[in-house]
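> Provided below are the primary sequence and the corresponding predicted coordinates.
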Amino acid sequence: MNRTDRLFALLLELRNSGQDGGWVQAEQVARMFGISLRTVYRDIAALNESGVPVVSLAGKGYRLLEGYFLPALHFTAAEALLLMLGADAINGAFDTEYAQAAASALQKLEAALPDEQRAELQELRRAVRIVSHHEQESGRLRELRSAVLGHKVVQFEYHKPGAEAESREVYPLRLVQLYGAWLLGGFEPFKRAQRIFRLSRMDNLRVLGTTFTLNPEWTQRRESEENGRNVTVRLLFDADLKRPLRERPSYFQTEQSEVSGGTEVTLTVRDLREVLPWVLSWGAGVQVLEPAELHELVHEEARKILLT
């Protein structure tokens, strides 16, 4: 952290502690920022010299002069709440670096709000919360984010359901978070096609020193063509599964309609084994309408379960 950022963070700490009538001790600041006491004294002096009224009292520490506040941000309570809820929702999805950045941004936002608006926002946050489940992919996510931004080629072993691991070399184009899972959208030069890879299925990820140049043609094709999904799956779900289907849809789902006897769902996949675990998770409540190959796969898996 550079000195400018540290001074602002120190100002926020003084501001927040002062709201509760508390004091901030020099030793506490030193531990917080990993600096010496001498540097703390210099930082406090720098704040004073810049016009920030920091009060010091022997045996207690530091606090801001009562009545001092940062310039107000022109956010309504609802706008500020949405920003904070958004950060709450994605907090566990990113690696440590971005999670810390989100926490710091929220601290700055809250500290800069007027007292009355801050109190209203805190009450709203107590009443409304968003808790999301995310696959923990912080290591791979950090490396791939760097590769996407730096246009660097990546290599990895990819484990598709029911198949042997394959070595892939990809031009990483984008990272997408969908239904709690991180996906990498990329272009495979050897296959001349776009593909989507689930981070949890990657092993032995390597970011190469080789770079690539973006080609607009890679993003102009329809997603179904890019991903090679040309296998149609039709399923019939019992009527009492209508609500659970809304709560737990498949990533590959393209259509859903109410029909006589239940809910019909259409999916498009490259490989039937991609959707097999999701189909099996519904037990006897789902019937495979097509293709016949998926019906046989479900029957075979069910037989294995019975024999286990």
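Done, it's in.

> drop to CA atoms for contacts and neighbour counts, all remaining ones
Will do.

> now for D43, how many residues are close by?
18 (other Cα atoms under 10 Å).

> begin at 20, not 1, for the rest of this chat.
Okay, residue one is now 20; in that scheme the one you just asked about reads as D62.

> I'd assumed L26 was in contact with it.
Yes: between D62 and L26 there is a contact under Cα atoms under 8 Å: 6.5 Å.

> contacts only, for G41.
R82 (Cα atoms under 8 Å, 6 or more residues apart in numbering).

> scratch that, H314
Here H314 is in contact with 307-308 (Cα under 8 Å, 6+ apart).

> so it is in which element?
Here H314 sits within helix 311-326, counting by DSSP states H and E.

> next, the buried residues of that helix.
Buried residues in helix 311-326, counted by 16 or more other Cα atoms under 10 Å: 313, 317.

> so where do the helices sit in the stretch 20-169 of the chain?
22-38, 45-52, 56-68, 96-109, 115-131, 134-146, 157-169 (DSSP state H, counting those that start in this stretch).

> quick one: closest of the ones you listed to R262.
R262 sits nearest to helix 96-109 of all those, at 23.2 Å, using Cα to Cα.

> would you mind measuring from the closest residue to E207 other than its chain neighbours to Q275?
Nearest non-adjacent residue to E207, counting by Cα to Cα, 6 or more residues apart in numbering: V189, 4.8 Å away. Per Cα to Cα, to the nearest Å, V189 is found 33 Å from Q275.

> can you check N234 too?
For N234, the distance to Q275 - Cα to Cα - is 35 Å.

> okay, the two: which has more neighbours?
Under the neighbour definition other Cα under 10 Å, N234 and Q275 were set side by side, and Q275 has more, 17 against 9.

> what strand or helix carries that one?
Per DSSP H and E: strand 272-278 holds Q275.

> what sits up against that strand?
Counting by Cα under 8 Å, 6+ apart, residues outside strand 272-278 touching it are 282-287.

> who's in contact with the next helix or strand after that strand?
Using DSSP H and E, the helix or strand that follows strand 272-278 towards the C-terminus is strand 281-288. Residues from elsewhere that reach strand 281-288, judged by Cα under 8 Å, 6+ apart: 247-261, 271-277, 294.

> buried among the residues you listed? Need that as a selection in ChimeraX.
Selecting only the buried entries of the contacts of strand 281-288 in ChimeraX, with 16+ other Cα under 10 Å as the criterion:
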select :251,252,253,254,255,256,257,258,271,272,275,294
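
> for S186, give the beta-bridge partners.
E176 (DSSP bridges).

> give the contact list for it.
Taking Cα under 8 Å, 6+ apart as the test, what S186 contacts is 174-177.

> top of those by neighbour count?
Top of those by neighbour count (other Cα under 10 Å): Y177, with 21 neighbours.

> ok, now which ones touch that one?
184-187, 216, 220-222.

> need the buried ones from the residues you listed selected in PyMOL.
Command for PyMOL that selects the buried part of those, burial taken from 16+ other Cα under 10 Å:
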select buried, resi 216+221
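
> end to end, how far does stretch 300-312 reach?
Stretch 300-312 stretches 18 Å from its first residue to its last (Cα to Cα).

> any chance you could list what contacts that stretch?
251-257, 260, 298, 313-314.

> out of these, which comes closest to G105?
The closest of the contacts of stretch 300-312, once distances to G105 are taken by Cα to Cα, is L260, at 30.1 Å.

> can you count the residues close to the closest residue in space to that closest one that isn't next to it in sequence?
Excluding its sequence neighbours, the residue lying closest to L260 (Cα to Cα, 6+ apart) is G304, at 7.5 Å. Using other Cα under 10 Å, the number of residues around G304 comes to 15.

> ok, now the one 3 residues further on?
V307 is flanked by 19 other residues according to other Cα under 10 Å.

> list the buried residues in the helix or strand where it lies.
Here V307 is covered by strand 305-309, with elements defined by DSSP H and E. For strand 305-309, the neighbour count (16+ other Cα under 10 Å) marks 305-307 as buried.

> paired strands for that strand, with orientation please.
Strand 305-309 has these strand partners (DSSP bridges): strand 250-256 (antiparallel).

> pull the distance from the next helix-or-strand element following the strand it pairs with to the chain's centre.
Using DSSP H and E, the helix or strand that follows strand 250-256 in sequence is helix 261-266. How far helix 261-266 lies from its chain's middle: 24 Å, per Cα atoms, centre = their mean, to the nearest Å.
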